[in-house]
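# pasting the structure only:
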């Protein structure tokens, strides 16, 4: 499945772009998706979840991530930590942190720092892009979304994907 998203920079719509992405870094994107894109001269962004890369299984392994990056693809921060489906989950439980904001920021930084530590962001651009799990974030959506936006901003993440799906199709 290939999704095409409107890309949003600092919460302002930019000129239309086509971004080919692989959500969650599934192993099938590595084995089946990348060869098709490369055949036609396209690269893609791969949404990095640190815990999934470490665990492997149905996800891309760290070695596969490194190979994909060396072949011209790009990693961006995704998340969340294992057991958390969305940054919004931290409003329900933020055990171990003083506030939901602190838990959200720690999650963002955990995934970013893991990506960087494995050499998956050689040009430094991917660490500035956080692809929201489930696209659950609209800056005008109230206090919760403002907390998420503050955590992203304070973690120096300047670009996020909002829930603005332009088209999707199975290939």
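Looks like it arrived, so ask away. Keep in mind the model is a prediction, meaning the values are calculated, not measured. Numbering: from 1, shown residues only.
# check which helix or strand residue 21 maps to.
strand 21-22 (DSSP states H and E).
# who does that strand touch, helix- and strand-wise?
strand 45-48 (3 or more Cβ pairs under 8 Å, 6 or more residues apart in numbering; DSSP states H and E). All C-beta atoms are positioned from the backbone trio N, CA, C, and that covers glycine.
# now do 6 Å
If contacts are counted by 3 or more Cβ pairs under 6 Å, 6 or more residues apart in numbering; DSSP states H and E, strand 21-22 sits against no helix or strand.
# shaky segments in this protein?
1-19, 133-144, 158-171 (pLDDT under 70).
# in it, which spans are strands?
Secondary structure of the chain (DSSP state E): strands located at 2-5, 8-9, 12-13, 21-22, 45-48, 74-77, 129-131, 159-161, 165-169.
# please enumerate residues in contact with the longest helix seen in the chain?
The residue-count maximum for a helix in the chain (DSSP state H) belongs to helix 100-117. Residues outside helix 100-117 that contact it (Cβ atoms under 6 Å, 6 or more residues apart in numbering): 48, 50, 75, 77, 79-81, 87, 90-91, 94, 97, 121, 127, 147-148, 151, 155.
# buried ones among those?
With neighbours counted using 16 or more other Cβ atoms under 10 Å, the contacts of helix 100-117 contain these buried positions: 48, 50, 75, 77, 79-80, 87, 90-91, 94, 121, 127, 147-148, 151, 155.
# so which of these sit within helices?
Checking the buried ones among the contacts of helix 100-117 against DSSP H, those in helices are 50, 147-148, 151.
# with adjacent residues omitted, what lies nearest to the most centrally placed residue in the chain?
For the chain, the residue nearest the mean C-alpha position is residue 78 (2.5 Å; Cα atoms, centre = their mean). Closest residue in space to residue 78, ignoring its immediate chain neighbours: residue 47 at 3.6 Å, by Cβ to Cβ, 6 or more residues apart in numbering.
# repeat that for residue 84.
residue 107 (6.8 Å).
# and the furthest pair within the buried ones among the contacts of helix 100-117?
91 and 121 (28.8 Å; Cβ to Cβ).
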